[in-house]
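> Next one to model:
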Amino acid sequence: MRVAGKTLVVTGAGSEFGRAVTLEAIRRGARVAAVDADPEALTETARQVVAPLLLSTHVADVTEPAQVEALPPAVIERWNAIDGVIHCAGAGEPVIRTFLPLLRARQEAHLVSLGDAATAPDAARVAARRFPRDVQAGENVHVAMVFPASTPYRVARDLLDGMTRDSYRVLVGSDVRLMDRILGRA
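Model prediction:
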């Protein structure tokens, strides 16, 4: 799914990785509903956006189910649809449970969860393979888990490139360099 013209919800948009994803998605022409519990961090993300008409900001703690449940109506009121969720903010269960029914209703959608960068590589690979099966998203929802192993901007670029390719697994950092060498792209 190309993100241009699509609506993405980015949680943790005030964090290093969430901000990079927000900025890169908007640079590519996506509409972004940026969510963060920290209003000051969210304001800083908004300050850096080059196309403010493509951004809506929402202060919410995504570990609080009531706050998460308030997000879809606000995003849909502003953008009329939700085509993808990129979760960059800790525990994902309330976010997945709330947004998955809306994503299933779309012809094509994406659900991406950013894992903890400190996770051991073998554990990260296992989690990335299990996540799509555990979520049970359906045929039209592409599900991926990303473990950042590079700079926030590189992670954002690789994550959005993976969405464009409808990858079920997005390689980031040293895994990308290894695959580039294997595929002769380096």
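
> which residues in the chain form strands?
Using DSSP state E, the strands of the chain run over 7-11, 31-36, 55-59, 84-87, 109-114, 141-146.

> want to try JSON lines for those, with mean pLDDT as columns?
Converted to JSON lines, the strands of the chain look like this (pLDDT from 0 to 100):
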{"stretch": "strand 7-11", "mean pLDDT": "98"}
{"stretch": "strand 31-36", "mean pLDDT": "98"}
{"stretch": "strand 55-59", "mean pLDDT": "97"}
{"stretch": "strand 84-87", "mean pLDDT": "95"}
{"stretch": "strand 109-114", "mean pLDDT": "89"}
{"stretch": "strand 141-146", "mean pLDDT": "82"}
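
> need these in CSV with mean neighbour count and distance to residue 44, can you?
Bear in mind the C-beta positions are built from the backbone N, C-alpha and C, glycine included. Listed next are those as CSV, based on neighbours: other CB atoms under 10 Å; distance: least, CB to CB, whole Å:
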stretch, mean neighbour count, distance to residue 44
strand 7-11, 28, 14
strand 31-36, 28, 10
strand 55-59, 19, 11
strand 84-87, 27, 18
strand 109-114, 25, 19
strand 141-146, 23, 23
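
> Can you find the helix or strand in this protein with the smallest mean pLDDT?
Ranked by mean pLDDT, DSSP states H and E, the weakest helix or strand in the chain is helix 174-182, scoring a mean of 43.

> now this structure, which segments are flagged as low pLDDT?
Along the chain, segments meeting pLDDT under 70 span 117-134, 137, 167-186.

> Any chance you could spot the residue sitting in the middle of it?
With distances taken as CA atoms, centre = their mean, the residue of the chain nearest its centroid is residue 86 (1.6 Å).

> my guess is that residue meets residue 9, correct?
Yes. At 7.2 Å, residue 86 and residue 9 qualify as touching, with contact defined as CB atoms under 8 Å.

> Many thanks, have a good one.
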